[in-house]
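Trainee: Prediction below, plus the sequence it came from.
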Amino acid sequence: MHEPMHEAPHAAPTTFIGKYIFSFDHKVIGIQYLLTAILMAVVGGLLSLMIRLQLQHPEMQLLGPPEAYLAWVTMHGTIMVFFVVSLAISGFANFLIPLQLGARDMAYPMLNMLSYWTIVPSVLLMLASFFVPGGAAAAGWTMYPPLSAVPEAVPGSGLGTTFWLLGMALFIASFTMGGLNFLTTIVNCRTKGMTMWRMPIAVWGFFIATVLGLLAFPPLTAAALMLLFDRHGGTSFFVTEMVVNDQVLLPGAEGTPLLFQHLFWFLGHPEVYVLVLPCVLMTMEIIPVFTRRPMFGYRPSVWALFVIGFLSMIVWGHHMFVTGMNPYIGEYFSIATVIITAPFAILGVNLLASLWRAKIKPAVPMLFALAVISAVGFGGFGGLFLGTVVSDIYFHETYFVVGHFHLMIGTVTLLSLFGALYFWYPKMFGRRMSEKLGRIHFWFTAVPMITIFILMHMQGLGGMLRRTYDPGAYDYNAGANMMLRFPITAMAFILFLAQFVFFWNFFRSLKNGEEVGENPWDATTLEWTTPSPAGHGNWPGALPVVEHDPYEYDGDDFTPQGRVVETASEEGGNA
Amino acid sequence: MEPRSRPRIILGLVAFFGLITLFTVGLFMLPWRSEVASDEGGGIDAVITYLLVATGALVVLGHYVLIRFLWNGNGEKGYTRPTPKVEWMWGIIPVVIMMILSEAGVLVVGAPTWKKLYVDRAENPVQIEVVGKQFQWYVRYPGKDGVYGDYDFEEIDGADNPLGLLDDSDAAVDDIVTSKLRLPLGRPVQIRMRTHDVIHSFFVPDFRVKQDLIPGFPTEIRFTPTKLGEYELACSELCGLAHYRMKAPVLVMEPEAFDKWLAAQRGYFE
Amino acid sequence: MLRIALCLALSCFVIACGGSEEPKKTAPAPAADDGGSEEESFGRQTYSADKGSATVSGTVKWSGKAPNRRPLDMGSDKFCEKCYEGQEAPRSMSAVVGANGEFANIFVYVKNSGDMKNWKFPKGSSTRVIDQVKCMYTPYLIGVQTGDTLEIRNSDQTLHNIHATKDGNDWFNKAQPAGSDAYTTTVTEAGMFTLKCDVHSWMKSFICVVDNPFFAVTGEDGKFSIPSLPAGSYTLVAWDSRKGKEMTKDFTVSDGGSATVDFEFSK
């Protein structure tokens, strides 16, 4: 049985450092995560522009040689997956879980602070790796050995890869601390009346994603450590005897590179859901507020989540269809993979049907939410081409894959995160972001973000391969594949520039935004029953008590999920 | 209904969703792939076509619903709250549709081709070995004896002995080593693959086939070329700084011409 | 815990910044180098070309049946293949042997021992050029003195990758797409380096680095000549790049004199 957390588990901070730097407060830690993610997004975004410039004019080598390009590709992927989307989700999870469940703070505030401050050295290691001899890691974000194990094979596999592996180990340590905290808080620290089936659906997203992450990350930790041993300890888990430059390296080694791929994708596939699910569910959370209707299919969606979570753990092999795996196992992975579209269809129907005969208020968070629905459609169906084993033979490692996963873990997640940021910004800072700038930001973000990656699907259909410094090296890429370069690159620049509108809006609104009260959006969930921004312990008086399901909207009327019973004096009397 | 009742931004979104759907469907109909040049490639193309049609229909349907709900999203139509029964019904219907559509792609349209590529064994296929190294392909034919000669990594020398063949191996004497992949038209070929260093991947877009080369673990693929011509063999797994230009020419020849060419080659130690 | 994490991050950052400059190979100075400490170098003269007037010359030969020079298969790169369209394919350069056994591309140098130790040698200051022409390295084998500048050009309209190693350890590994600037580096470490192109695996050459200016490479006539030697007794080394096989012979020269030293390699 869970117990409401009546007292904040730590004292109110008194110093600046205690309040804003080494804070125990989940709201501050959440914002720290978000700001770190934004900072890393700028780095990751700049890398993507460098990649686009190179692909636009490969023959001119504007920015560097092939080995540098591979480092950009690798670090762009690593940064975007682990240090932008993951961190931003951690930020929202930190911020929202106690507020939406009616807790004073996270179950383990100290651990929470540690989890953020473990990310910081991890980020520094990743950034520092660009400046070591040989440059940053260059074996792709998937780090397949032997390429990543042998410095002779590619310059980036020197010190840069060591930094990468250590940074990743710290990241996983941080994720584990944060994840345990999320789970404990969700299971144990809900307020009175907040049963599991009354939890806002975003919390369900964090819950399932965290369970998946905690189950999936240990194999990656093992793989990273084994790879470190292979690189520096003389073991041969993943490496075999090889010849580079006519020199025999690692004589006698008889490891198996495929083992790494299995360990990596055992994490890697659930990781996709760790990224996508919380983001899609935050979007689901936002939609009813602006349709002014109850969410469609709350319970089926939660059950679908469980099914997706389970299936995601048993389909990792679809990343390895062409590695020469046993054809029967390949067929099994394919059957299991494409079945995931079924529970996903429930989420899709939920998203769409929530709009049925609604009274849509087109505020900026809602615009992003609508774009997410469209992107989930385009992205999700693309997955079928890759999950079906026969078509994947052709599409594997082409731009179809690039387009697909960017749509899912790039467009869907980032659009969701933008929507969530616009939506919860008032609760974070007590002020609103500008609607007008928000709309400009929306159009110049959503349109290019969706279109770019749809176009990449076309390049993939043409067989264009990913991670290539100069696609023009192949004659079959001439023509259509090369023609699509320009629109993609141009839109990438528009997309990047549009983010300055967002930065301006974000930082300017901290001071100049319109001040708001407790509940600027007329929303039902618990976080809107406390002042914006919420203070130490989240609710100034007693904790709210939950009496209803989370999405009781009826046009402009709504029934808050819970209310704060003004019993400060009563409680005092009882005591 | 007068347009006043719909905010301009909703109309903008309706236009965007409509256009991007038409644009995507239109683009997907263009001929992006080159003409298929292998028997198995035809099967792979069939699966791709099936999926394009199936998912295309669903994308259009989904966006139609989205646009319609947006268009009607002014609260003017009467709303009654769906009962849990309705919610579950609309949960199960898409589940059934997706299960049928997706598994049909794998089990009905796809499985025969998958079987042909990896399970069935052709009779008397042409035996070829493809060796990948940073950043070049080598092709080896076993010669008249039909047996690949022994090799030793210690003997590898890029100029003098790129595969490290042993001159005291009897089977190696008549091996033929080239850097172009020559294939006979209409005969099944069995390609054994191995690599000297990192993971590479054998990809000929025109054949639609792809197969990784894994260190220490020889892999195989089987297919039948069905179209004469010259194609490109690409490395499709990141293998280092010149990965992007690790390519080799592929020639599909008339069977007679192929036999003639093969007979004219001198063995490696002859 | 927190402090440890911060220290780790900080130290990593410091390492990263420290390491960001051009990596330098600090080779341990060979025993008979130009004198590490002041005491050792006491009494040594600094060498310059006018201080030596003797010459050592000779011929390197191959005895027995000449190794088979395999034709190079350049079919993987259309550019390279086109360079030799209508001509006979170029052959492997690893054992170029003339009609009478003249053995080309042998690196001959005077070892830093014996009377060589009486001299201090200023660092080299020449620029040594390797060009990549028609998918081959010219020259095939180059002699370099430490301190010289090595310049590697790409005159081909295709990507080359210059990858230099010694005993499996990288010296440098750079891509040179068509039209790239030449790569230049100052040579600091003595030794026999292999230079290879990973893209065209038949492309292989050798950079032979020594600490004194007395070296030569045999031509197609198998002949070499090393001038400007001061009088003394020395050891001459002939190094065959194929398997790193070397032969040594002692010789003595007086001022203005000359010595003839011949070598004969066999399988």
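Mentor: Happy to help now that I have it.
Trainee: mind listing what A:I29 touches?
Mentor: Contacts here follow CB atoms under 8 Å, 6 or more residues apart in numbering or on different chains; on that basis A:I29 touches A:23, A:94, A:112-113, A:116. No exception for glycine: its C-beta is placed from N, CA and C like everyone else's.
Trainee: Find the closest residue to chain B in chain A.
Mentor: A:K359 (2.9 Å; CB to the nearest CB).
Trainee: shaky segments in chain B?
Mentor: B:1-4 (pLDDT under 70).
Trainee: 50 instead, please
Mentor: B:1-3 (pLDDT under 50).
Trainee: Strands of that one, start to end?
Mentor: B:126-133, B:136-141, B:176-178, B:181-184, B:189-195, B:200-204, B:209-213, B:219-223, B:229-235, B:247-253 (DSSP state E).
Trainee: what about the closest residue to A:G513 other than its chain neighbours, how many residues close to it?
Mentor: Closest residue in space to A:G513, ignoring its immediate chain neighbours: A:R431 at 3.2 Å, by CB to CB, 6 or more residues apart in numbering or on different chains. A:R431: 19 surrounding residues under other CB atoms under 10 Å in any protein chain shown.
Trainee: tell me, how many neighbours does B:M89 end up with?
Mentor: So B:M89, with other CB under 10 Å, has 13 neighbours.
Trainee: quick one: it from chain C, how far?
Mentor: Per CB to the nearest CB, to the nearest Å, B:M89 is found 53 Å from chain C.
Trainee: hmm, back to that, residues in contact with the residue nearest to A:G513?
Mentor: A:425, A:509-510, A:512-516.
Trainee: what's the neighbour count on the residue of chain A closest to chain B?
Mentor: Neighbour tally, A:K359, other CB under 10 Å: 18.
Trainee: What of A:L355?
Mentor: That count, for A:L355 with other CB under 10 Å as the rule, works out to 25.
Trainee: do C:T138 as well
Mentor: 14.
Trainee: Also B:L61?
Mentor: B:L61: 12 neighbours (other CB under 10 Å).
Trainee: what does the one 4 residues further on give?
Mentor: Counted with other CB under 10 Å, the neighbours of B:V65 add up to 18.
Trainee: Among the contacts of A:R431, which lie within helices?
Mentor: Among the contacts of A:R431, DSSP state H puts A:425, A:509-510, A:512 in helices.
Trainee: ok, residues contacting stretch A:60-78?
Mentor: Against stretch A:60-78 from outside (CB under 8 Å, 6+ apart): A:44, A:47-48, A:50-51, A:53-54, A:126, A:129-130, A:135-141, A:154-156, A:160, A:164, A:168, A:467, A:469, B:238, B:240-244, C:173-177, C:180.
Trainee: For chain B, what is the nearest residue in chain C?
Mentor: Counting by CB to the nearest CB, chain C gets nearest chain B through C:S201, at 3.6 Å.
Trainee: Counting neighbours, what do you get for the residue lying closest to that residue once chain neighbours are set aside?
Mentor: Using CB to CB, 6+ apart and skipping the chain neighbours, the partner closest in space to C:S201 is B:G158 (3.6 Å). B:G158 has 23 neighbouring residues, counting by other CB under 10 Å.
Trainee: before we move on, what about A:I17?
Mentor: So A:I17, with other CB under 10 Å, has 10 neighbours.
Trainee: Okay, it and A:T489: tell me how far apart.
Mentor: A:I17 sits at a distance of 44 Å from A:T489 (criterion: CB to CB, to the nearest Å).
Trainee: Which residues outside the lengthiest strand in chain A are in contact with it?
Mentor: As assigned by DSSP E, the longest strand anywhere in chain A is strand A:247-254. With contacts defined as CB under 8 Å, 6+ apart, strand A:247-254 is touched by A:150, A:152, A:236, A:239-243, B:153-154, B:156, B:216, C:165, C:167-168.
Trainee: Could you list the buried residues of it?
Mentor: A:247-250, A:253 (16 or more other CB atoms under 10 Å in any protein chain shown).
Trainee: ok, back up a step: just put the strands of chain B in a markdown table and tack on mean neighbour count.
Mentor: Formatted as a markdown table, the strands of chain B follow (neighbours: other CB atoms under 10 Å in any protein chain shown):
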| stretch | mean neighbour count |
| --- | --- |
| strand B:126-133 | 21 |
| strand B:136-141 | 24 |
| strand B:176-178 | 19 |
| strand B:181-184 | 22 |
| strand B:189-195 | 21 |
| strand B:200-204 | 27 |
| strand B:209-213 | 25 |
| strand B:219-223 | 20 |
| strand B:229-235 | 21 |
| strand B:247-253 | 21 |
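Trainee: and these as JSON lines, adding distance to chain C?
Mentor: Below are those laid out as JSON lines (distance: least, CB to the nearest CB, whole Å):
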{"stretch": "strand B:126-133", "distance to chain C": "7"}
{"stretch": "strand B:136-141", "distance to chain C": "5"}
{"stretch": "strand B:176-178", "distance to chain C": "6"}
{"stretch": "strand B:181-184", "distance to chain C": "10"}
{"stretch": "strand B:189-195", "distance to chain C": "13"}
{"stretch": "strand B:200-204", "distance to chain C": "13"}
{"stretch": "strand B:209-213", "distance to chain C": "16"}
{"stretch": "strand B:219-223", "distance to chain C": "20"}
{"stretch": "strand B:229-235", "distance to chain C": "9"}
{"stretch": "strand B:247-253", "distance to chain C": "5"}
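Trainee: which one of those lies closest to A:S374?
Mentor: strand B:209-213 (30.9 Å; CB to CB).
Trainee: what about that closest one, distance to the chain center?
Mentor: 8 Å (CA atoms, centre = their mean, to the nearest Å).
Trainee: who does it touch, helix- and strand-wise?
Mentor: Of the remaining helices and strands, those touching strand B:209-213 by 3 or more CB pairs under 8 Å, 6 or more residues apart in numbering or on different chains; DSSP states H and E are helix A:389-395, helix B:39-71, strand B:189-195, strand B:200-204, strand B:219-223.
Trainee: Turn these into CSV, columns for distance to C:K120.
Mentor: Shown next, in CSV, are these (distance: least, CB to CB, whole Å):
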stretch, distance to C:K120
helix A:389-395, 66
helix B:39-71, 70
strand B:189-195, 50
strand B:200-204, 51
strand B:219-223, 59
